[in-house]
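Asker: Fold the following, please.
(one chain, ligands or ions: 1)
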Amino acid sequence: MTVKQVLMVGAGRVGRLHTTSITERLGHRAQVTALVDPATEVAQTLATDFGIGHVYATLEEALAGGTYDGVVITTPTFTHRDLAITSLRAGLDVHLEKPMAMNLVECRQITAAVQASGRRLQLGFMRRFDKDFQAAAELLASGQIGRPMIIKSMTHGPGLPPAWANDIRTSNGLIAEVTSHDLDTIGWFAGAVPDTITVKVANFKGAERGVDTPNFYDTMLATVTFTNGVLASVAGVCPADYGYDSRVEVTATKGMVEVGDTGPGGLAVVVAGQGTKAEAVYPSWRVRFAEAYVREMAGFVDAMEGVTPAVGAAEGEQAVALVVAGVQSLLEGRTVALSEVTANPTIPGWQV
Ligand SMILES: NC(=O)c1ccc[n+]([C@@H]2O[C@H](COP(=O)([O-])OP(=O)(O)OC[C@H]3O[C@@H](n4cnc5c(N)ncnc54)[C@H](O)[C@@H]3O)[C@@H](O)[C@H]2O)c1
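Answerer: A predicted model of the protein is given here:
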């Protein structure tokens, strides 16, 4: 196999992470040959750090300036649709970060472009590449511990995300930016499609952090029901300050399975800066899922070599359906049936 040429679109937090994985761990199979980011300084710094020879301000300039096997898109959610469709139409395989897009109208346009192009699209749900998450999914699918009954999934992120990710107009907020991983996991573990979602949110830290964005929330609790009767809860907190905390517990008819811990060594009680074992807390998602991110990029190299990705547009779309129905639920204070948003998708009112 030839070494695959990757175009990295977005040189922010995730662009740097995936560039690091490809360069330091997968260099024998792929290399990042060019970067796209309109933030010139950010892009130049990343390019210098990894010896990347070409930096462009737009995807179109990069496509005109070079040839590639695939595109890794790590930009804000509101840019995903256009960048993914342009890349697919250029005949390139795509790794697209979660959430897939802002709404189901955009998701379906991306899915149509995947189908029309015949290229492969991998969605950035790195938990699908984490060995513990994979083992739990296999255990549940095997029936060894019976049928799943209730799933409790939570993700607490350490610090405030970039400003665009706090605003429901440009990202749908925390339910999408932090807990879309959980929304994907619960469907994966339930082995069914979601039926309804009810979301409650709160804002504890916004004022003290100077966030005055309308509808900002830093705390979220969702209840999701599935067509096979499984119940699930998803809890999200960001900023949590004490660390990055991602855990799932599934109770099944003959047993239970837990995935994740607060740190590599486990921990019972944590107070900001005074954890009983503060060194054991995962400081960020980059650390908790370090190996999963490398395996995810290896999965994308496989995709560029012709393998169907383990997670793609269908899973991305299901998570966005939950996000859109969830934001509708929190704004309207009611339970929302998924069919309300999937039957005839429109651009949600808060995004217009
Ligand atoms: N899988 C994960 O664990 C994980 C973690 C964090 C973020 N994310 C996702 O990754 C994506 C990026 O998040 P981030 O935290 O890296 O954001 P970021 O703000 O740190 O970086 C985004 C970068 O994209 C650039 N950009 C904006 N528009 C662009 C365009 N049209 N073309 C090229 N570059 C453009 C910005 O200048 C910025 O440098 C989001 O979809 C986010 O939800 C995933």
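
Asker: Tell me where the stretch 51-200 of the chain has helices.
Answerer: 59-65, 80-89, 104-117, 131-142, 174-177, 180-190 (DSSP state H, counting those that start in this stretch).

Asker: Enumerate the residues of the stretch 51-200 of the chain near the ligand.
Answerer: 59, 74-77, 79, 97-98, 124, 126, 162, 177 (Cβ under 6 Å from any ligand atom). Placement of C-beta: from N, CA and C, glycine included.

Asker: Could you do the stretch 251-352 of the chain as well?
Answerer: Counting by Cβ under 6 Å from any ligand atom, the positions of the stretch 251-352 of the chain adjacent to the ligand are Trp285.

Asker: Which single residue of the stretch 251-352 of the chain ends up nearest the ligand?
Answerer: Relative to the ligand, the nearest point of the stretch 251-352 of the chain is Trp285 (4.8 Å; Cβ to the nearest ligand atom).

Asker: Double-check that residue against Tyr244; I have them as touching.
Answerer: Yes - counting by Cβ atoms under 8 Å, Trp285 does reach Tyr244; the two are 5.1 Å apart.

Asker: And this structure, what are its domain boundaries?
Answerer: 4-124+294-311, 128-285+316-342 (automatic domain parsing).

Asker: quick one: the longest one to chain centroid distance?
Answerer: The chain centroid and the centroid of domain 128-285+316-342 are separated by 11 Å, computed with Cα atoms, centre = their mean, to the nearest Å.

Asker: what does the first one give?
Answerer: The chain centroid and the centroid of domain 4-124+294-311 are separated by 14 Å under Cα atoms, centre = their mean.

Asker: in the stretch 1-150 of the chain, what spans have low per-residue confidence?
Answerer: The model of the stretch 1-150 of the chain has no residue with pLDDT under 70.

Asker: Same question for the stretch 151-300 of the chain.
Answerer: 265-280.

Asker: All the strands of it, residue numbers only.
Answerer: Using DSSP state E, counting those that start in this stretch, the strands of the stretch 151-300 of the chain run over 194-202, 219-226, 231-237, 245-252, 255-259.

Asker: Report the contact partners of the residue of the stretch 251-352 of the chain closest to the ligand.
Answerer: 157, 244, 246 (Cβ atoms under 8 Å, 6 or more residues apart in numbering).

Asker: now Ala90
Answerer: Leu63.

Asker: Pipe the strands of the stretch 151-300 of the chain into TSV and attach mean neighbour count per row.
Answerer: Shown next, in TSV, are the strands of the stretch 151-300 of the chain (neighbours: other Cβ atoms under 10 Å):
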stretch	mean neighbour count
strand 194-202	20
strand 219-226	20
strand 231-237	22
strand 245-252	20
strand 255-259	15
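
Asker: Among these, which comes closest to Pro38?
Answerer: The closest of these to Pro38 is strand 231-237. By Cβ to Cβ, the value is 29.5 Å.

Asker: Would you list the phi and psi of the residue nearest the centre of the chain?
Answerer: Taking Cα atoms, centre = their mean as the criterion, Lys98 is the residue nearest the geometric centre of the chain, at 3.3 Å. The phi/psi pair for Lys98 (degrees, to the nearest 10) reads phi -80, psi 160.

Asker: isn't it right next to Gly316, touching?
Answerer: Yes - Lys98 is within contact range of Gly316, at 6.9 Å (criterion: Cβ under 8 Å).

Asker: what touches both of these two?
Answerer: 123, 125.

Asker: Nearest to the ligand within this structure, name that residue for me.
Answerer: Closest point on the chain to the ligand, by Cβ to the nearest ligand atom, is Gly12, at 1.8 Å.

Asker: residues contacting that residue?
Answerer: Gly12 neighbours (Cβ under 8 Å, 6+ apart): 37, 39, 42, 74-75, 162.

Asker: Closest to Val199 out of those?
Answerer: Pro162 (22.3 Å).
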